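> prediction below, plus the sequence it came from.
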Amino acid sequence: MIMLFLFLIEEGNKIENLESKKYWIWLSLVKNLGSKRKLKLLDIYKTPEKIYSLSKEEILKIPGIGERIAESILDEDTRKNINKHIDYMEQKNIDIISIKDKNYSQILKEIYDPPISLYIKGNKEILNNKAIAIIGCRDASEYGKKAAKYFSYNLIKEGFNIVSGLARGIDSYAHIGSVCEKNEKNGKTIAVIGSGLDVIYPKENKYLFNKIIETGGAIISEYPIGTKPQKMNFPARNRIVSGMSKGILVIEAKEKSGTLITVDFALEQGKEVYVVPGNIDSINSVGTNKLIKEGAKLVTHYKEIEI
């Protein structure tokens, strides 16, 4: 009976907690309004609730806001959908952390265009722990898979959080190496995805998705529930992968690789870039070996990573 009582209290708090965040959910749903413009509005009006309450006349007076964006902010369908999102999030234990929340990654705040909020499933207490991103190509070789597991397994035991994108290839093996042992002293793994948290992409990573949460890690996304894994979402996702990490480790990258987009973000953000060298005959090593020639730090052992 006592356990049931405590469960009901917990459930009530969870509902109240999400209800108090309804305007952050609404702001994440507003279309045609990028993170920089949302940040500008928050700087002016301080809370999403005040933005929600603006009239069309007030919105159109804001520099850089035209008719199209004003209509998006005032869109009635978006406003009607807030409660549907809250209901779904409560059922699936999905939370939302705003940029003003203490659990929001503080180093992520420092990038050029941080997301105004993050949807999260799993452990939200770990987002400010020391982290390194492990990234690489989707079409990973056996060498690349082995290297990803080696570095993630050992760095997690050194207390690092491992951040990656839950994509096929190196991302998946970085997460796999991170969930081998459940130990409170170990770091955790964080997957940043390019869709809503109701969409597991690729589908074959459903087990890994659940395993990350089971071992104390987290799945996060700036995209609201219902967002499909569209191609344009992934470059934007990559700025978060590097942004919440103190450095990045690149394991296999082709000459023209999406991985190199994350490297560019990391360099813009002033992060340390580490690279695992590859076979000169391998197409998967053209990008990584080029990064080494351009000044990235070559590493062959996890102890060589110092951040």
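Now that the structure is in, tell me what you want to look at.

> and the helices in the stretch 101-250 of the chain?
142-157, 170-178, 206-214, 233-243 (DSSP state H, counting those that start in this stretch).

> what segments of the stretch 1-150 of the chain are strands?
Ranges of strands in the stretch 1-150 of the chain, per DSSP state E, counting those that start in this stretch, are 94-98, 117-122, 131-135.

> and the angle for the second one with strand 94-98?
For strand 117-122 against strand 94-98, the angle by axes from the mean of the first three to the mean of the last three CA atoms, to 10 degrees is 140 degrees.

> among the strands of the stretch 1-150 of the chain, which is the most enclosed?
strand 131-135 (a mean of 29; mean count of other CB atoms under 10 Å). For glycine as for every other residue, the C-beta is placed from the backbone atoms N, C-alpha and C.

> given that strand, what are its sheet partners and their directions?
Neighbouring strands of strand 131-135 in its sheet, by DSSP bridges, are strand 161-164 (parallel), strand 247-251 (parallel).

> state the pLDDT value of Ile86.
Here the pLDDT value assigned to Ile86 is 97.

> same thing with Lys256?
pLDDT, Lys256: 85.

> renumber starting at 41 from here on
Done: numbering now begins at 41, and the last item shifts to Lys296.

> skip the chain neighbours and tell me the closest residue to it.
Leaving aside its chain neighbours, Lys296 sits nearest to Gly327 (7.8 Å; criterion: CB to CB, 6 or more residues apart in numbering).

> the host helix or strand of that neighbour: what's the following helix or strand?
Assigned by DSSP states H and E, Gly327 belongs to helix 326-333. Toward the C-terminus, helix 326-333 is succeeded by strand 337-338 as the next helix or strand (DSSP H and E).

> tell me the helices and strands packed up against that next one.
Applying 3 or more CB pairs under 8 Å, 6 or more residues apart in numbering; DSSP states H and E, we find strand 337-338 packed against strand 312-316.

> could you dump the strand it packs on to CSV, C-alpha only?
C-alpha atoms of strand 312-316 as CSV (Å, rounded to 0.1, in the frame of the first residue of the first chain):
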residue,chain,number,x,y,z
GLU,A,312,40.4,18.8,-29.2
VAL,A,313,40.4,16.5,-32.3
TYR,A,314,41.9,13.0,-31.9
VAL,A,315,42.2,10.6,-34.8
VAL,A,316,42.9,6.9,-35.1
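
> list the pairing partners of it within its sheet, with orientation.
strand 287-291 (parallel), strand 337-338 (parallel).

> any idea how many residues pack against Val326?
17 (other CB atoms under 10 Å).

> show me what contacts it?
By CB atoms under 8 Å, 6 or more residues apart in numbering, the residues touching Val326 are Ala293, Lys294, Glu295.

> ok, now Leu206?
Here Leu206 is in contact with Ser212, His215, Ala231, Val232, Ile233, Tyr241, Asn245, Leu248, Phe249, Ile259 (CB under 8 Å, 6+ apart).
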